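[1] Mind folding the following:
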Amino acid sequence: MEFSLFVQRNTMLIKCPACGTQGNLSKYGASTLPQKILKFFRIRKFYCKNCGWEGHKFIIRITKNIKQVLLSYFLLFISVIILAYVVIKIILRK
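    Numbers count the residues shown, from 1 in each chain. Next comes the predicted model:
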């Protein structure tokens, strides 16, 4: 099971917002400082080979099984709290 809350999109599967075709978006290289900052936050500049659209797209999406991942993190958090409580009780008993 994947425990990531966010996953990176396959850029070949992103549809063009203008013409709706899939697989025609290509990434621009980050050359200026603002583009490098946007790239750090996973916002990339794309252009469409089909219609010529240019713009920015966010390439991170929330995982599909978000409920399972959040439940797993919650159970892990509760387990750590219980374990810390038991360890503190054992240490203070002596």
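[2] What's the separation between residue 92 and residue 83?
    15 Å (CB to CB, to the nearest Å). C-beta coordinates here come from the backbone N, C-alpha and C atoms, glycine included.
[3] Neighbour count for the two, which is higher?
    residue 83 (10 against 7; other CB atoms under 10 Å).
[4] in the longest helix along the chain, what's buried?
    For the chain, the longest helix by residue count, based on DSSP state H, is helix 66-93. The neighbour-count criterion (16 or more other CB atoms under 10 Å) identifies residue 69 as the buried residues of helix 66-93.
[5] Stretch 36-45 now?
    Within stretch 36-45, judged by 16+ other CB under 10 Å, the buried ones are 38, 39, 44, 45.
[6] Domain map for the chain?
    1-63, 64-94 (automatic domain parsing).
[7] Lowest average pLDDT across these?
    Ranked on mean pLDDT, the bottom entry among the domains of the chain is domain 1-63, at a mean of 80.
[8] Can you give the distance of that domain from its chain's centre?
    12 Å (CA atoms, centre = their mean, to the nearest Å).
[9] Tell me who's in contact with the nearest residue to residue 61 once chain neighbours are set aside.
    Spatial nearest neighbour of residue 61, excluding adjacent residues (CB to CB, 6 or more residues apart in numbering): residue 9 at 5.5 Å. Contact analysis of residue 9 by CB atoms under 8 Å, 6 or more residues apart in numbering lists 59, 60, 61.
[10] and the gap between residue 9 and residue 42?
    The gap separating residue 9 from residue 42 is 9 Å, by CB to CB.
[11] And for residue 26?
    From residue 26 over to residue 42 (counting by CB to CB), the distance is 17 Å.
[12] same deal with residue 87?
    Residue 87 is 39 Å from residue 42, by CB to CB.
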